[in-house]
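Asker: Okay, structure incoming, though there's no sequence with it:
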């Protein structure tokens, strides 16, 4: 949350699907896993095509989106429960066309993958 800069628990799902007239890669944010499983509308939908993703440190990584497909470009900070989950997310994002992934954290530490 940009206003109070506190972490908010969200369940995130990386999907690919039809969006308007073309294929899109999206990060859907839900209130909970149950909300995602119930096919509720996501709280937020972020286009990740052309995004710059980066390991920060520990269990934190970022997804910097372009303003080309989203209303405006933003940097989304995400945190997982474990470092293994960070590796999983970054590995999945590497599979998205036009997405770059930086495995070196801000302190110079490289996340092994």
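Answerer: Looks like it came in fine. Not measured: the values here are computed from a predicted model.
Asker: Which element is encountered next along the chain beyond the helix ranked longest in the chain?
Answerer: If each helix of the chain is counted by residues according to DSSP state H, the longest one is helix 83-94. Later in the chain than helix 83-94, the nearest helix or strand by DSSP states H and E is strand 100-102.
Asker: For the longest helix of the chain, give me every contacting residue.
Answerer: Taking contacts as Cβ atoms under 8 Å, 6 or more residues apart in numbering, the residues outside helix 83-94 that touch it are 14, 48, 51, 53, 55, 58-61, 63, 78, 80, 99, 101, 103, 111-113. Every C-beta, even on glycine, is put in place using the N, C-alpha and C of the backbone.
Asker: Please flag which of these sit within strands.
Answerer: For the contacts of helix 83-94, membership in strands holds for 14, 53, 55, 60-61, 63, 78, 101, with DSSP state E as the criterion.
Asker: Take these and write them to JSON lines, including distance to residue 95, neighbour count and pLDDT.
Answerer: Shown next, in JSON lines, are these (distance: Cβ to Cβ, whole Å; neighbours: other Cβ atoms under 10 Å; pLDDT from 0 to 100):
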{"residue": "14", "distance to residue 95": "9", "neighbour count": "16", "pLDDT": "93"}
{"residue": "53", "distance to residue 95": "11", "neighbour count": "23", "pLDDT": "96"}
{"residue": "55", "distance to residue 95": "16", "neighbour count": "24", "pLDDT": "96"}
{"residue": "60", "distance to residue 95": "21", "neighbour count": "16", "pLDDT": "95"}
{"residue": "61", "distance to residue 95": "15", "neighbour count": "26", "pLDDT": "96"}
{"residue": "63", "distance to residue 95": "14", "neighbour count": "23", "pLDDT": "95"}
{"residue": "78", "distance to residue 95": "17", "neighbour count": "19", "pLDDT": "94"}
{"residue": "101", "distance to residue 95": "10", "neighbour count": "21", "pLDDT": "96"}
